[in-house]
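Visitor: Generate coordinates for the sequence data below:
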Amino acid sequence: VGVVRLIPHPERTSHGFGELFHTTSDPHAAQMRILPGSDEEHFTVVETQGKNCEPHWDTICAPPYHYHTFQNETFEVTKGMIKIKLDGEELVLRKGDGPLTIPHGHHHTFIKAGNDDMEVLVTLRPNPGNKGQRFFPNLFGTIRDKGPSLPQILYIFCTNGVRLSDIPWPIHEVMCVATRVVAPILG
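Guide: Here you go, the predicted model:
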């Protein structure tokens, strides 16, 4: 049930722990690695944004403005710096600043700040049913396999407690119920 129904596609399961995968079609833009050691408590990914990621909010490298319904998300910059939009305010986090934890329910996104490459550890807690390590291969595998299918992407977001900030909550919840029916049919 949930995201597990999407994972069996062979190309989606090829992203094992530690394996690098591209989050856009440009290999010099954004990349991600799921770190080993994920469990019910947490999972961690390393995301890099390179020379072809523009440091502005409307780039494909920036995750959509979103919030988590039950997970706290921690960012720790290991190279360069990132700009975080948090509940409408912008802040910059640099290597050495230490981790920043965003509690569930707070709207956020991030992008590299400046022209230098950046690398950030992103940890989400908790990780019930170890869903976290399936989320990114499902999301990017679905986009790669079928293009950005809104019902399937919403299904993946909804079953992982991620909500898009630009969609009002009641409408988003109705869409989540509808995608539970439509997305599995689409594959």
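Visitor: Do a quick rundown of the strands in the protein.
Guide: 20-22, 30-34, 43-49, 66-68, 72-79, 81-86, 89-94, 100-102, 108-112, 118-125, 162-164 (DSSP state E).
Visitor: ok, of these, where does mean pLDDT dip lowest?
Guide: Mean pLDDT across these is lowest at strand 20-22; the value there is a mean of 58.
Visitor: is the closest residue to residue 49 other than its chain neighbours in a bridge, and if so with what?
Guide: In space, and not counting its chain neighbours, residue 49 is closest to residue 112: 4.3 Å by Cβ to Cβ, 6 or more residues apart in numbering. Quick note: C-beta positions are derived from backbone N, CA and C, even for glycine. In this entry, residue 112 is beta-bridged to residue 82, by DSSP bridges.
Visitor: Burial check on residue 112, number of neighbours?
Guide: As a burial measure, residue 112 scores 29 neighbours (other Cβ atoms under 10 Å).
Visitor: now residue 126
Guide: Number of residues near residue 126 (other Cβ under 10 Å) recorded here: 16.
Visitor: Now it: phi and psi?
Guide: Main-chain torsions, residue 126, degrees, to the nearest 10: phi -80, psi -180.
Visitor: Surely it is in contact with residue 69?
Guide: No - contact criterion Cβ atoms under 8 Å: residue 126 and residue 69 do not qualify, at 11.9 Å.
Visitor: ok so, going back, now do the contacts for the residue nearest to residue 49.
Guide: 49, 53, 55, 61, 80-83, 118 (Cβ atoms under 8 Å, 6 or more residues apart in numbering).
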